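Peer 1: Next input, structure requested:
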Amino acid sequence: MTTYAKLKQEGKIEGKIEGRKEGKIEGKIEVVLKSYESGLSISLIANITGLTEEEVYKILKEHGKIS
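Peer 2: Below you'll find the predicted structure:
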């Protein structure tokens with residue numbers, strides 16, 4: 001395998017890993033927003049998602065759910 005082919009393959013692998021990370025983050029954001037809209041407490045949302053309460057607050061603030 002040529003150096004170019006190796007680098008290209010490594011780039012594809014890194015891209016897939018980054019994509020999965022982004023997908024997980026987006027999924028957690030969606031769960032936070034829907035859970036909050038359904039009336040769950042921030043501490044329960046944090047427990048469910050594995051995020052800290054501060055991270056949950058930040059997501060809710062960024063999406064205009066709290067001020």
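
Peer 1: alpha carbons only for contacts and neighbour counts from here, please
Peer 2: Noted.

Peer 1: now the residue nearest the centre of the chain: how far from S38?
Peer 2: Closest residue to the average C-alpha location of the chain: I25 at 0.8 Å, with C-alpha atoms, centre = their mean. Noted for I25: a distance of 20 Å to S38, by C-alpha to C-alpha, to the nearest Å.

Peer 1: same for the longest helix seen in the chain, what does it pack against?
Peer 2: Determined from DSSP state H, the single longest helix within the chain is helix 3-37. Judged by 3 or more C-alpha pairs under 8 Å, 6 or more residues apart in numbering; DSSP states H and E, the packing partners of helix 3-37 are helix 42-49, helix 53-62.

Peer 1: so the last one versus helix 3-37, what angle?
Peer 2: The reference is to helix 53-62. Per axes from the mean of the first three to the mean of the last three C-alpha atoms, to 10 degrees, the angle that helix 53-62 makes with helix 3-37 is 80 degrees.

Peer 1: Look up how far E14 lies from I59.
Peer 2: According to C-alpha to C-alpha, I59 and E14 sit 26 Å apart.

Peer 1: Looking at those two, which one has more neighbours?
Peer 2: Here I59 and E14 are compared on neighbour count by other C-alpha atoms under 10 Å; more neighbours surround I59, at 18 against 12.

Peer 1: Thought I29 was touching the more buried one, still the case?
Peer 2: Yes - counting by C-alpha atoms under 8 Å, I59 touches I29, with 6.8 Å between them.

Peer 1: on that earlier part again, and the residue nearest to the centre of the chain, what's its pLDDT?
Peer 2: As predicted, I25 sits at a pLDDT of 88.

Peer 1: do the same with I59
Peer 2: Reported pLDDT for I59: 96.

Peer 1: List the contacts of it.
Peer 2: By C-alpha atoms under 8 Å, 6 or more residues apart in numbering, the contact set of I59 is I29, V32, L33.
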